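> Need a 3D model of the following:
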Amino acid sequence: MATDPNFCAPLPEHACPLCGGPNDCAAARSGSFSTPCWCRDVTLSAELLAQVPPAMLGRACVCPRCAGARQRPPQTLESPLTNDE
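Alright, predicted model coming up:
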């Protein structure tokens, strides 16, 4: 097998670097970035990525639960419904 220095394949890391649970990364399971995966539709904030241990940054996907929990907009105490009567 020839090695191409420009070839890049997903690493087989299946654990979330934040919680240790399964990250559900289809690309890591298949070994190909061409495999559709939930993580392609998610944008992770710099704050979230700063929580990933440096040794795991770029090596494993964050799981949907951790990504979703940190993506939700902040909730406000104001209700959209008001009763001014």
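
> Now Ala15: phi and psi?
phi -110, psi 140 (degrees, to the nearest 10).

> That one: how many residues sit nearby?
Look at Ala15: counted by other C-beta atoms under 10 Å, it has 16 neighbours. Yep, even glycine has a C-beta here, placed from its N, CA and C like the rest.

> Beta-bridge partners for it, please?
Beta-bridge partners of Ala15, counted by DSSP bridges, are Pro22.

> Do I have it right that it meets Pro22?
Yes. Contact criterion C-beta atoms under 8 Å: Ala15 and Pro22 qualify, at 6.8 Å.

> and Gly20, how many neighbours does it have?
Counted with other C-beta under 10 Å, Gly20 comes out at 9.

> Name the helix or strand for the most centrally placed residue in the chain, please.
With distances taken as C-alpha atoms, centre = their mean, Val62 lies nearest the centre of the chain, 3.5 Å away. When elements are defined using DSSP states H and E, Val62 is found to belong to no helix and no strand.

> Can you show me the CA trace of stretch 13-26 as CSV?
Listed next in CSV are the C-alpha coordinates belonging to stretch 13-26 (Å, rounded to 0.1, in the frame of the first residue of the first chain):
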residue,chain,number,x,y,z
GLU,A,13,-11.8,7.4,18.1
HIS,A,14,-15.3,6.5,19.2
ALA,A,15,-15.5,8.2,22.6
CYS,A,16,-16.5,11.8,23.2
PRO,A,17,-13.5,13.7,24.6
LEU,A,18,-15.8,15.6,26.9
CYS,A,19,-18.0,13.0,28.5
GLY,A,20,-16.3,9.7,27.5
GLY,A,21,-19.6,8.4,26.0
PRO,A,22,-20.0,7.2,22.4
ASN,A,23,-19.6,10.1,19.9
ASP,A,24,-21.7,8.4,17.2
CYS,A,25,-19.2,9.5,14.5
ALA,A,26,-20.1,7.6,11.3
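
> Provide the contact partners of that stretch at residue level.
For stretch 13-26, contacts defined as C-beta atoms under 8 Å, 6 or more residues apart in numbering pick out 10, 28-29, 35-39, 51-53, 56-57, 59-66.

> For PyMOL, write a command that selects the buried ones of the residues you listed.
Filtering the contacts of stretch 13-26 down to the buried ones (16 or more other C-beta atoms under 10 Å) takes a single PyMOL command:
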select buried, resi 10+28+37+39+52+56+60+61+62+63+64+66
